[in-house]
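Student: Pasting the sequence and the predicted model now:
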Amino acid sequence: MLEIAKKVTRTFYPYQYSPVRRILEPRRIHAYCIGSNKSGTHSIASMFAKHYRSSHEEAHGALINGFLDWKEGKLTERDFQTILLNHNKYAWLEMDSSHVHIEYVEYLVKYCPKAKFILTIRDCYSWLDSFFNHCLNHPLRDRWARLNHWRYAKYGHTYSTHEDVLRQSGFLPLSSYFSAWTEHNQKAIDSIPQANLLIVRTHEISSRVDSIANFLDIRSDTLDTSRSHNFKAPKKYKILNHIDSSFILHKSKLYCSDLMANYFGDANYLDKALNKL
């Protein structure tokens, strides 16, 4: 029956964007994963992909450019709202996983009050190490470079004498990244009603499958745990190992101390990131 409806609909309108699709294929869940980049958003999308309409960074180009065009005065707020509403309607995802969504999460909460949100949170040290590896393995261009500049350059932090390796590698000072790490995670916590938010530490994604399933009111056996560690870096550059560890710790305490204490106070995550443990 569904295939017949698809064929009939295609005669008049692409089925993917048709209201008929939203009637014949209602959402069983409506969820977002809004963790920072390199925090497991790709893994979450993969876990859901076998049994749910799940995607990682779906239509990210239109969302990034639309958001930044709005912030730069090239579009009105209403224009961007239209882009966001169209994304929700036409992508019609059940798990929409993307770190980009944090930029306008307050609108997602407003427009989709019943949606559930998963914040994957990674300790600030291994997150930054992974981010550096990603940028060096996959140089950022176009919209990604534009978003990268928006997120990290806005703080105006300057280099210290300990950060020559960052300057030489084309990165900003540690303070810029630690500031952004806190802003991202705290914004999610502050913007989303507590009942609609589940916080999952990145290294516990596989072991929290039952919690994730209960949160979304689905069966845990519909989640594919074999795909919970996707998108690992092909090469590791160990940028942080070239910076004095006491300086890294000092900077993290300045910008990340509260969240690190709340979610990662149970181990020495800096030594782990530096492969000292």
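Tutor: Yep, it's here.

Student: From Lys50, how far off is Gln16?
Tutor: 20 Å (C-beta to C-beta, to the nearest Å). (Each C-beta comes from the backbone N, C-alpha and C, glycine too.)

Student: low-scoring pLDDT stretches of the stretch 1-150 of the chain, where are they?
Tutor: Within the stretch 1-150 of the chain, the ranges that satisfy pLDDT under 70 run 1-13.

Student: 80 - rerun?
Tutor: The model of the stretch 1-150 of the chain has pLDDT under 80 over residues 1-18.

Student: What ranges does the stretch 51-200 of the chain have for its helices?
Tutor: Here the stretch 51-200 of the chain has its helices, by DSSP state H, counting those that start in this stretch, at 60-71, 77-91, 105-111, 124-137, 142-152, 164-169, 174-191.

Student: how about the fourth one: buried residues?
Tutor: Across helix 124-137, burial judged by 16 or more other C-beta atoms under 10 Å covers 124-136.

Student: can you list those in JSON lines and add distance to Gln81?
Tutor: Listed next are the buried residues of helix 124-137 as JSON lines, based on distance: C-beta to C-beta, whole Å:
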{"residue": "Cys124", "distance to Gln81": "32"}
{"residue": "Tyr125", "distance to Gln81": "37"}
{"residue": "Ser126", "distance to Gln81": "36"}
{"residue": "Trp127", "distance to Gln81": "30"}
{"residue": "Leu128", "distance to Gln81": "33"}
{"residue": "Asp129", "distance to Gln81": "37"}
{"residue": "Ser130", "distance to Gln81": "33"}
{"residue": "Phe131", "distance to Gln81": "30"}
{"residue": "Phe132", "distance to Gln81": "35"}
{"residue": "Asn133", "distance to Gln81": "36"}
{"residue": "His134", "distance to Gln81": "31"}
{"residue": "Cys135", "distance to Gln81": "31"}
{"residue": "Leu136", "distance to Gln81": "36"}
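
Student: Could you single out the nearest of the residues you listed to His30?
Tutor: Closest approach to His30 among these (C-beta to C-beta): Trp127, at 27.1 Å.

Student: Check the gap between the closest one and Lys89 for me.
Tutor: Trp127 sits 32 Å away from Lys89 when distances are taken as C-beta to C-beta.

Student: ok, the most centrally placed residue in the chain - contacts?
Tutor: When C-alpha atoms, centre = their mean is applied to the chain, the residue found nearest the centroid is His99 (2.2 Å). By C-beta atoms under 8 Å, 6 or more residues apart in numbering, His99 lies in contact with Ile34, Gly35, Ser36, Asn37, Ser39, Thr41, Glu57, His184.

Student: I'd assumed Thr202 was in contact with the second one.
Tutor: So the one you mean is Gly35. Yes. When contacts are counted by C-beta atoms under 8 Å, Gly35 is listed as touching Thr202 (7.3 Å).

Student: hey, what's in contact with both of the two?
Tutor: Thr120, Ile121, Arg122.

Student: Most neighbours of all the residues you listed, which one?
Tutor: Counting neighbours by other C-beta atoms under 10 Å, Thr120 leads these with 27 neighbours.

Student: Once you drop chain neighbours, what's closest to that residue?
Tutor: Nearest in space to Thr120, with sequence neighbours left out and distances taken as C-beta to C-beta, 6 or more residues apart in numbering, is Gly35 at 3.1 Å.

Student: Give me the phi and psi angles of the one you found.
Tutor: Backbone torsions for Gly35, taken as degrees, to the nearest 10, come to phi -60, psi 160.

Student: how close does it get to Ile243?
Tutor: From Gly35 across to Ile243, the span is 25 Å (C-beta to C-beta).

Student: In contact with Lys116: list those residues for me.
Tutor: Contacts of Lys116 by C-beta under 8 Å, 6+ apart are Ile29, His30, Ala31, Tyr32, Asn196, Leu197, Leu198, Phe215, Leu216.
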